[in-house]
Every structure is written in C-alpha cells, then in structure tokens.
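Asker: The sequence and its predicted three-dimensional model are supplied below.
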Amino acid sequence: MYFAVFLSALALSATTFALDNGLMRTPPMGWLAWERFRCDIDCTDDPKNCISEDLFIDMADRLSEDGWRELGYVYVNIDDCWSSKQRDEKGRLQADPKRFPGGIPKLSRYLHDRGLKLGIYGDMGTLTCGGYPGTPLDKIEIDAQTFADWEVDMFKFDGCYSNETVQEKGYPLMSKALNATGRPIGYSCSWPAYQGGLPPKVNYTQLGEICNLWRNYGDIQDSWGSVVSIVDWFFDNQEVLIPAAGPGRWNDPDMLIIGDFALSMDQSRSQMALWAIMAAPLFMSNDLRTISSGARSILQNKMVISINQDPLGIQGRRILKEKSNIQVFWRPLSDGASALVFFSRRSDMPYRYKTSLKKLNYTTGSYKVYDVFTDKTTTLKDSTDFVVSVNPSGVVMWHVSAPAKLNQRHFDRRGNAMESVFGGDENAIPRVFL
C-alpha cells in the first residue's frame with residue numbers, strides 16, 4: 001500500500017531540518033516509570049514498588065540481564081515526583097534524599113556501567129504536574145546544566161502550570177540550554193499536547209528544529225479504549241503528522257502498556273504493531289520483574305523492532321478503512337521493503353479478510369512475505385488473492401520484501417508517488433511501488 005521509498009526519499013529526508021544534536025536517529029527505546037508506577041512515593045512498605053532508587057536499579061538490572069538492552073531498550077526514564085519539594089541552597093533541583101539516597105549521579109553511573117541511559121522529567125511551569133518544583137523561564141539554564149552535570153541522557157519537558165506564552169518561550173530556550181551544556185541530551189517536548197496537537201497552533205517545522213520527540217496527544221491509560229483513541233487520533237491526522245516525523249524527530253503516541261493489566265495478548269500485539277507502523281518511540285511502562293512470557297515475547301519481537309527502527313524513518317499510514325471494520329496500515333522501509341498491518345476493529349469473532357497485493361496497489365512482481373508474529377514466510381504474486389484471519393481487536397503484521405526490480409519513480413517525504421493522487425473516496429489509495 002503504498003509508496004516504496006528508497007533513494008529519493010532518503011535524499012529528501014536528509015534535507016529536512018532537525019534538532020542538531022545527532023541523537024535519536026531512530027525512535028528511542030527503553031522503560032518509563034509513569035503509567036505503571038505513577039507518583040507512588042510511599043516507600044514504607046516496599047521501596048522497590050515506589051518512585052525510588054531501588055525501583056530504577058531493578059529495572060536497569062532487568063534491561064541489562066534479560067535481553068532487552070541488546071534489542072535497543074536502553075533508556076531508563078524517571079518521570080514526575082522524583083525530586084525534593086525544595087531546591088538546594090544554590091537554587092538547583094535535587095532528588096528526594098529519602099528515596100534517592102545516592103542522588104541522581106549515583107543512579108546515572110549505575111546505568112552507564114551497564115550500557116544503559118538515564119532519562120529524567122521536568123516541567124516548565126511553576127510546579128510539575130505532581131506538584132514538585134518546576135522549571136520556570138529563569139531556571140532553564142541552571143536546570144539544563146544540572147542535568148548535564150548528572151550525566152542525564154534524555155530530558156522530558158512537561159507543561160503543567162504554565163501558559164501558552166511561557167511555552168512559546170520556554171521550549172526553544174530549553175533546547176538551546178541543553179545543547180549549550182555540551183552533553184548530548186535527547187529532548188522530549190510536551191508542547192504540542194498542550195496546544196491541541198495540530199496546526200495552526202502547533203508548528204511542526206519548528207518542533208523538528210528544537211526537539212527530538214514530542215507528545216502530541218493525551219496520556220495513555222491502562223485500557224484498550226485508551227490505545228484505540230490514540231490510534232484513531234494519530235491516523236485521522238496522519239497527513240499533518242507524517243511529514244513532521246523523521247530521523248531525530250518523532251511523534252510520540254506515549255508508552256507501551258503491554259505487560260500491565262488491561263490488554264489481552266491480541267491487543268498487546270496490536271499496540272506493538274501499530275506503534276511500529278507509526279515509527280513511535282518504544283518506551284515500556286510495566287514491571288519487568290514480573291512480566292509474563294507472552295508479553296515479553298511481543299515486546300522482544302525482533303522483526304517488529306526492526307520495522308520500528310528502520311533507518312529510513314518514515315512514519316506509516318492507514319490506507320484502508322473497510323466496512324467490515326478491518327483497517328489496513330502500511331509503512332515504507334529501507335531497501336524497497338514495506339510493512340503491512342491488518343487490524344480488526346471488530347468485537348465478535350475472527351474475520352477472514354480477502355485481498356491481494358495488487359488491490360493494495362503493489363506493482364507487478366513476486367514478493368516475499370514474512371508474518372512477524374507467526375514466523376511464517378511465503379511468496380505472493382501481486383495478482384494472487386490471499387486471506388488473512390484477524391482476531392477481534394487483533395492484528396496480522398507482515399514484512400514485505402521488494403521484488404527484484406523496482407519501478408523508478410520519484411517520491412515525496414510522505415512516501416507518496418509524486419504522479420499519484422488520492423481520489424475522493426475515503427478508501428482510495430495512491431499507487432505503491434515496491
């Protein structure tokens with residue numbers, strides 16, 4: 001479905017402006033505390049299940065010992081509620097000494113010794129969303145230098161208790177301040193989420209010049225309904241969001257909740273597949289000490305990760321919404337390959353969806369198709385009808401290799417063939433050249 005993007009797309013992406021820190025050329029991956037552990041600071045009964053040094057050390061151990069790090073999950077990200085309620089005598093942020101007795105520098109060293117990276121949270125308002133000291137405009141430089149001194153590798157800048165004027169000044173100022181420290185620090189901006197996520201209030205060209213990733217939409221919750229609402233918003237607005245993303249600058253639909261309480265295995269595979277199609281950051285928020293083998297196998301699926309991490313960095317799109325409540329998504333990959341996802345919005349029973357690569361606008365040829373969740377490989381001619389059985393709220397996800405010969409056409413940054421246009425029908429899709 002779609003638009004095979006190869007050399008011309010690579011050249012186009014290289015000319016697009018992006019934050020000049022050389023970081024996050026593929027979507028960042030790791031673990032993030034918020035969804036699973038929120039702002040639990042009561043460490044009286046169990047210090048390993050509250051926002052504390054012990055929790056993050058445990059997660060670092062799991063990432064480094066259980067095969068996560070080698071797959072790319074290298075960030076351990078602290079979210080809100082980590083700090084003391086007061087700055088120190090020099091005006092610097094400081095960790096709560098009861099919960100982080102070694103301070104952030106000790107935790108940073110622990111992670112770096114294990115080949116991992118540390119992310120931390122701040123807020124440009126007077127307070128963080130959880131009521132801890134924020135980073136108002138006059139504190140941006142000192143806080144950026146503090147994070148650099150602590151050898152932090154990623155910084156998420158939230159926007160509670162601020163306003164539009166402060167955000168317009170503060171997000172670019174923090175970008176400049178982080179770069180001025182001389183330490184490479186990935187920068188996650190929540191700015192668009194506070195401005196409705198869409199133009200004209202959100203300037204995605206500017207965001208790509210100052211941020212490595214940004215939250216566009218509301219927080220994910222541990223529910224299937226939350227996942228679906230995020231998917232719908234991102235793909236309903238794909239024409240705006242796709243050109244904004246690329247190496248070093250990513251739309252962020254929020255955390256993976258696979259391994260928590262709400263999602264079935266089918267729904268977990270759906271979230272993983274759709275986040276990969278979106279070229280989304282992959283930040284798990286779960287308990288890696290107790291995660292089930294089924295959830296682990298989904299999160300550690302090497303082919304899904306390779307699709308997510310494809311160096312071309314083009315965000316995929318929804319290309320079909322069928323009356324049967326089957327939706328089809330496509331993402332162009334390097335070497336003329338592509339990823340296909342067949343997603344069921346049904347709630348009754350498995351649905352047998354019949355189509356062909358030709359109907360999905362692939363050009364004439366024979367394609368190698370790999371099912372990423374069953375490990376089955378087959379070869380399909382473009383004209384051969386096939387049937388995929390998709391479980392309710394589930395997916396079938398394919399990696400489709402290019403045929404031997406490629407149709408040499410020009411493509412724009414979105415992956416569209418330049419001579420092709422959408423028709424008026426909702427399900428119309430442009431020609432795909434793979």
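Answerer: Happy to help now that I have it. Numbers count the residues shown, from 1 in each chain.
Asker: How many residues are close by Cys160?
Answerer: Look at Cys160: counted by other CB atoms under 10 Å, it has 17 neighbours. No exception for glycine: its C-beta is placed from N, CA and C like everyone else's.
Asker: Could you do Asp385 as well?
Answerer: Neighbour number of Asp385 under other CB under 10 Å is 11.
Asker: likewise Thr363?
Answerer: With other CB under 10 Å as criterion, Thr363 counts 19.
Asker: Give me the phi and psi for it.
Answerer: Main-chain torsions, Thr363, degrees, to the nearest 10: phi -80, psi 170.
Asker: now do the one 10 residues further on
Answerer: Dihedral pair for Phe373: phi -100, psi -10, per degrees, to the nearest 10.
Asker: Quick check: it vs Ile307, distance?
Answerer: 12 Å (CB to CB, to the nearest Å).
Asker: what does Asp58 give?
Answerer: Taken as CB to CB, the span from Asp58 to Ile307 is 29 Å.
Asker: of the two, who's got more company?
Answerer: Per other CB under 10 Å, whichever of Asp58 and Ile307 has more neighbours is Ile307, with 24 against 17.
Asker: Now that one: which helix or strand?
Answerer: Following DSSP states H and E, one finds Ile307 within helix 302-308.
Asker: what lines up beside the helix or strand immediately after that helix in the chain in the sheet?
Answerer: On the C-terminal side of helix 302-308, the closest following helix or strand by DSSP H and E is strand 317-321. Take DSSP bridges as the rule and strand 317-321 pairs in its sheet with strand 326-332 (antiparallel).
Asker: what sits against Pro350?
Answerer: By CB atoms under 8 Å, 6 or more residues apart in numbering, Pro350 lies in contact with Ser344, Ser389, Val390, Asn391, Pro392, Gly394.
Asker: Of these, select the buried ones using a ChimeraX command.
Answerer: Selecting only the buried entries of the contacts of Pro350 in ChimeraX, with 16 or more other CB atoms under 10 Å as the criterion:
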select :344,390,391,392,394
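Asker: how would you label the residue lying farthest from the centre of the chain: helix, strand or coil?
Answerer: Distance from the centre of the chain peaks at Glu89, with 37.7 Å (CA atoms, centre = their mean). Classification of Glu89 using DSSP: H, G, I helix; E, B strand; the rest coil returns coil.
Asker: how near is it to Leu312?
Answerer: Taking CB to CB, one finds Glu89 at 50 Å from Leu312.
Asker: just Thr135 next, same as before
Answerer: From Thr135 to Leu312 the distance is 35 Å (CB to CB).
Asker: Mind checking which of those two has more residues around it?
Answerer: Higher neighbour count among Thr135 and Leu312: Thr135, with 26 against 20, using other CB under 10 Å.
Asker: Okay, and the more buried one sits in which element?
Answerer: Applying DSSP H and E as the criterion places Thr135 outside every helix and strand.
Asker: any idea how far Gln145 is from it?
Answerer: For Thr135, the distance to Gln145 - CB to CB - is 12 Å.
Asker: thinking again about what came up before, tell me the mean pLDDT over the helix holding Ile307?
Answerer: What helix 302-308 shows for mean pLDDT is 98.
Asker: now for that helix, which elements pack on it?
Answerer: helix 265-277, strand 395-400 (3 or more CB pairs under 8 Å, 6 or more residues apart in numbering; DSSP states H and E).
Asker: So which of those is nearest Gln167?
Answerer: Distance to Gln167, taken as CB to CB, is lowest for helix 265-277 among those, at 26.4 Å.
Asker: Counting by contacts, list what that closest one packs against.
Answerer: Short answer (3+ CB pairs under 8 Å, 6+ apart): helix 265-277 packs on helix 224-236, helix 293-299, helix 302-308, strand 326-332, strand 338-344, strand 395-400.
Asker: Could you export those to JSON lines, including columns for distance to Cys160?
Answerer: JSON lines is the format used below for those (distance: least, CB to CB, whole Å):
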{"stretch": "helix 224-236", "distance to Cys160": "20"}
{"stretch": "helix 293-299", "distance to Cys160": "29"}
{"stretch": "helix 302-308", "distance to Cys160": "29"}
{"stretch": "strand 326-332", "distance to Cys160": "33"}
{"stretch": "strand 338-344", "distance to Cys160": "33"}
{"stretch": "strand 395-400", "distance to Cys160": "34"}
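Asker: Which of the ones you listed sits closest to Pro247?
Answerer: helix 302-308 (13.1 Å).
Asker: If we go by neighbour counts, what in that closest one is buried?
Answerer: Buried-residue list, helix 302-308, by 16+ other CB under 10 Å: Met303, Val304, Ile305, Ser306, Ile307, Asn308.
Asker: so the third one touches Leu282, yeah?
Answerer: When you say that, I think you mean Ile305. Yes: if you go by CB atoms under 8 Å, Ile305 and Leu282 touch, sitting 7.4 Å apart.
Asker: Spell out which residues are contacts of both of these two.
Answerer: Met29, Gly72.
Asker: Point out where the stretch 101-250 of the chain drops to low pLDDT.
Answerer: Applying pLDDT under 70 to the stretch 101-250 of the chain picks out no residues at all.
Asker: can you pull out the helices in it?
Answerer: Using DSSP state H, counting those that start in this stretch, the helices of the stretch 101-250 of the chain run over residues 103-113, 140-149, 164-180, 204-210, 224-236, 238-241.
Asker: Kindly format the C-alpha coordinates of the shortest one as CSV.
Answerer: Output in CSV follows, covering the C-alpha atoms of helix 238-241 (Å, rounded to 0.1, in the frame of the first residue of the first chain):
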residue,chain,number,x,y,z
GLN,A,238,-1.8,11.4,9.5
GLU,A,239,-1.5,14.0,6.7
VAL,A,240,-0.2,16.5,9.2
LEU,A,241,1.8,14.1,11.4
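Asker: List the buried residues of it.
Answerer: Gln238, Val240, Leu241.
Asker: need those in JSON lines with distance to Asp252, can you?
Answerer: Shown next, in JSON lines, are the buried residues of helix 238-241 (distance: CB to CB, whole Å):
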{"residue": "Gln238", "distance to Asp252": "15"}
{"residue": "Val240", "distance to Asp252": "15"}
{"residue": "Leu241", "distance to Asp252": "11"}
